[in-house]
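[1] need the 3D shape of this:
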Amino acid sequence: MNANTIKPQQLLYLMMIISALMLCCRGNSQTEKPAAHRALHSSEFVKIPFITLAVDTIVAPNAPNAITRNIIEDTRGNIWFATFTGIIMYDGESFRQITDGVSEDRFFSILEDRNGNFWFGSIGGGVYFFDGESFQHFTTADGLVDDRVPTIYEDKNGDLWFGTLAGLSHYDGSTFQNYTTDHGLHNSDVNSIIEDLSGKYWLGTRGAAFTYDDQAFTTILTQDGQTFQNVRRILEDTKGNIWLGGNDGLWRYDGHEFKNYTSDFVGYIYEDRSGNIWTSSQGAGAPGWALSRYEAMALDDHVPTAYYMKTGEGMFFGIIEDSNNNMWVGSLNGVYRYDGSGFEFFKR
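    Numbering: from 1, shown residues only. Prediction:
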């Protein structure tokens, strides 16, 4: 078998063998789990050897053909892409350019709010609101703290939070309230923001990670007193665990302590319907970038099970699972779709 390629049926066979071995080891092991904060290098993972799966190319007019930073599926089943050449929508049959004639900005972020409207964050052009028919444009002239907006989040009250390269903007539907280093942020370059089940906000920046309780920002520290650097993505999973990914690798906080899964740079984190954790990461035991999947049943194990998949792409960005159980991942040159056995690349 070639070490760099693998057929779908061979992949399935290897996964079955590894799963059986993992169950056997868990049943007989009496060793104590290490401290929760112990860093596991990627070479310690039980995994299929680094595989480059087959890639089928699908020619599709108007498909993304540039850096694709973020992907979502809307409530109607359409897939939306925030790309460096605009916002693109896929209805299951064809791709359509949404922002043609509206903006030539590079887009980083995209959100569908609870009312079915869309918000697009650009780098340099502020935020665009789209109700399906018309656009409304928000910039610093309207109160936004900065016109470079890599992330957008809607909280439980329906308010919007815009993470920018110069601070955080909270929008209640009529006015902006802005937060910068003057308000306690040590770094105003905000990459990610979420609200957890308790109502506390978590923010990842290029300088550190913070929590915010409507009163003050608090720097997040591991139980070793370490700060996080350049946190690119924060996620709360269905069990209430908080995941952080960035320069320091992949970490999980269970409400009591942090556990480090890898020291490889992690650019994005996503939880699928089965509870598996997916990341786009650099390194992962081999040169280049990979789409990685950490198995839900082994997340608490001493050595968690992870599978690393490559396409030969230079970098990966946003990840989603669509309603048909396909995984979509953004890249430097457009988007890939993974159906569990191989990749499809959409090419104009």
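[2] list the buried residues of stretch 118-133.
    Going by neighbour count (16 or more other C-beta atoms under 10 Å), the buried part of stretch 118-133 is 118, 119, 120, 121, 122, 123, 125, 126, 127, 128, 130. In this view, the C-beta of every residue, glycine as well, is placed from N, C-alpha and C.
[3] to clarify, my last question referred to stretch 291-300.
    291, 292, 293, 294, 295, 296, 298, 299.
[4] for the fourth one, give me its contacts.
    Spelled out, that is residue 294. Residues in contact with residue 294 (C-beta atoms under 8 Å, 6 or more residues apart in numbering) are 250, 261, 276, 277, 278, 279, 304, 305, 306.
[5] next one, pLDDT for the first one please.
    It stands for residue 250. Looking at residue 250, its pLDDT reads 94.
[6] in a helix, that's where residue 182 is, yeah?
    Yes - counting by DSSP: H, G, I helix; E, B strand; the rest coil, residue 182 is located in a helix.
[7] and what about residue 232, helix, strand or coil?
    Once three-state DSSP is applied, residue 232 turns out strand.
[8] for it, list the residues it contacts.
    So residue 232 contacts 191, 192, 204, 245, 246, 266, 267, 268 (C-beta under 8 Å, 6+ apart).
[9] mind showing which ranges of the stretch 51-200 of the chain have poor pLDDT?
    Within the stretch 51-200 of the chain, the segments meeting pLDDT under 70 span 51.
[10] picking that back up, pick the one among the buried residues of stretch 118-133 closest to residue 164.
    Minimum distance to residue 164 across the buried residues of stretch 118-133 is 8.3 Å, recorded for residue 121 (C-beta to C-beta).
[11] same question for stretch 260-267, mean pLDDT?
    The model assigns stretch 260-267 a mean pLDDT of 91.
[12] report the separation between the two terminal residues of it.
    One end of stretch 260-267 sits 15 Å from the other (C-alpha to C-alpha, to the nearest Å).
[13] could you do stretch 184-200 as well?
    Across stretch 184-200, the terminal residues are separated by 16 Å (C-alpha to C-alpha).
[14] check the spacing between the residue nearest to residue 327 when sequence neighbours are not counted and residue 311 real quick.
    Nearest non-adjacent residue to residue 327, counting by C-beta to C-beta, 6 or more residues apart in numbering: residue 338, 4.3 Å away. Per C-beta to C-beta, to the nearest Å, residue 338 is found 9 Å from residue 311.
[15] common neighbours of the two, please.
    53, 291.
[16] returning to what we had before: among the buried residues of stretch 291-300, which ones are in helices?
    Of these, none are assigned to helices by DSSP state H.
[17] let's have these in JSON lines, adding pLDDT and distance to residue 166.
    Conversion of the buried residues of stretch 291-300 to JSON lines gives the following (pLDDT from 0 to 100; distance: C-beta to C-beta, whole Å):
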{"residue": "291", "pLDDT": "89", "distance to residue 166": "32"}
{"residue": "292", "pLDDT": "90", "distance to residue 166": "32"}
{"residue": "293", "pLDDT": "92", "distance to residue 166": "35"}
{"residue": "294", "pLDDT": "92", "distance to residue 166": "34"}
{"residue": "295", "pLDDT": "93", "distance to residue 166": "39"}
{"residue": "296", "pLDDT": "95", "distance to residue 166": "38"}
{"residue": "298", "pLDDT": "91", "distance to residue 166": "41"}
{"residue": "299", "pLDDT": "93", "distance to residue 166": "36"}
